[in-house]
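*Asks:* With the sequence up front, the predicted model follows.
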Amino acid sequence: MEISALMETPMDTWVKFQDAEILMGFLSVDEVREIMKKNTNRTYYSGKGESGFKEKLDSDSAALELGARVVKNWKGITLKGKPCPFSAEKRDLFMTKWPEFGSFVADTCNDIAVFGEQEREADEKN
């Protein structure tokens, strides 16, 4: 596996999503973990002989932050049959209200194999 792409900063590539493509930036597992940690609320509870901390992820806040960090642009997404241009507002809406989009971004943003494959395909075309 070629890992030279890890040395590039930032590491962005077009990734296929359904009938469209998304320009995404790579995040390390540690960076994704930090976003999740930052958007997790910890509360202390006690009662009935038990006590401890309860954690709850604010999934919308985490999705918005993740999207802002990795989704740079898209092409091929349509809205009512017309091209849907990229904007931060639409990205945020898609990250929180379109489950397939948000899941795809979260699952793909730290998959170095996806980023390496896109680079190989681009090199083969040239």
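*Replies:* Sure thing, it's come through. Numbering: from 1, shown residues only.
*Asks:* buried sites along the strand or helix carrying residue 60?
*Replies:* In this structure, residue 60 sits in helix 59-70 according to DSSP states H and E. By neighbour count on 16 or more other C-beta atoms under 10 Å, the buried set for helix 59-70 is 62-67, 69-70. No exception for glycine: its C-beta is placed from N, CA and C like everyone else's.
*Asks:* can you give me the helices in this protein?
*Replies:* Residue ranges of the helices in the chain, as given by DSSP state H, are 29-38, 59-70, 88-97, 99-108, 112-125.
*Asks:* Okay, now the unreliable bits of this protein?
*Replies:* In the predicted model of the chain, residues 1-10, 112-126 satisfy pLDDT under 70.
*Asks:* Surely residue 19 is in contact with residue 74?
*Replies:* No - using C-beta atoms under 8 Å, residue 19 makes no contact with residue 74, being 11.2 Å away.
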